[in-house]
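Peer 1: quick check, what structure comes out for this input:
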Amino acid sequence: MSAHRLETKRLLVLPWDSEDWIAFRPLATDPLVMKYISDGQIWPNDRIIAFVERQRRHFLRFGFCLWKLVLKPEDRLVGFCGLQPLDDLPGIEIGWWLASDLWGQGLATEAAREALNDGFHRIGLQRIVAVALQENYASTRIMAKLGMSYEKEVVHHGFCVLLYSIDRET
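Peer 2: Residues are numbered from 1 along each chain as shown. Below you'll find the predicted structure:
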């Protein structure tokens with residue numbers, strides 16, 4: 001896998017390795033983290049493994065993915081943040097999850113700013129979108145902090161979500 005990586009003040013933003021599913025499992029099985037993800041159900045191991053492998057394929061194919069987030073001082077996998085093609089809507093989506101014990105510290109926003117910058121400058125995207133359930137105020141607040149604008153409600157994987165977007169500054 002490529003040595004490409006991103007970094008923020010507090011986080012390493014890295015491509016996935018196959019065995020990372022084990023360190024990612026505590027997030028995907030935390031009911032607080034999963035509350036606003038699709039139907040709110042925790043993920044079984046096979047879905048966690050499939051997620052990690054999909055991100056590995058995306059990185060190899062596109063040069064970007066939903067990168068794993070590693071908290072520097074602890075060297076702990078604490079979430080993900082990055083870009084992925086939406087499979088049922090047009091566009092490239094920015095998304096994030098963060099371990100619930102780290103909520104409210106600005107880490108998701110910090111990582112998302114770096115992922116947006118990478119998407120616009122290294123990858124050359126002109127537009128990036130984000131989706132969230134309406135009741136997921138934490139995510140929509142991050143979208144606003146990133147300078148994203150609300151566009152409309154859409155159906156994504158069978159759920160009514162809010163679609164936000166940001167265009168590359170020219």
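
Peer 1: ok, what's across the strand from residue 164?
Peer 2: residue 130, residue 150 (DSSP bridges).

Peer 1: next SSE downstream of the lengthiest helix in the chain?
Peer 2: In terms of residue count, the longest helix belonging to the chain (DSSP state H) is helix 45-62. Using DSSP states H and E, the helix or strand that follows helix 45-62 in sequence is strand 66-71.

Peer 1: let me see the mean pLDDT of that next one.
Peer 2: Taken as a whole, strand 66-71 carries a mean pLDDT of 97.

Peer 1: what's the angle from it to helix 45-62?
Peer 2: Between strand 66-71 and helix 45-62, the angle formed by their directions is 110 degrees, by axes from the mean of the first three to the mean of the last three C-alpha atoms, to 10 degrees.

Peer 1: chain center to strand 66-71: distance?
Peer 2: Centroid separation between strand 66-71 and its chain, computed with C-alpha atoms, centre = their mean, to the nearest Å, is 9 Å.

Peer 1: the helices in this structure, which residues?
Peer 2: Using DSSP H, helices in the chain cover 20-28, 31-34, 45-62, 107-121, 137-145.

Peer 1: okay if I get those as a markdown table plus distance to residue 166 and mean neighbour count?
Peer 2: Just so you know, the C-beta spots here come from the backbone N, C-alpha and C atoms, and that holds for glycine as well. Listed next are those as a markdown table, based on distance: least, C-beta to C-beta, whole Å; neighbours: other C-beta atoms under 10 Å:
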| stretch | distance to residue 166 | mean neighbour count |
| --- | --- | --- |
| helix 20-28 | 25 | 18 |
| helix 31-34 | 24 | 14 |
| helix 45-62 | 19 | 16 |
| helix 107-121 | 7 | 20 |
| helix 137-145 | 8 | 17 |
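
Peer 1: out of these, flag the one nearest residue 73.
Peer 2: Across the helices of the chain, residue 73 has its closest neighbour in helix 107-121 (12.1 Å, C-beta to C-beta).

Peer 1: all good on my end, thank you.
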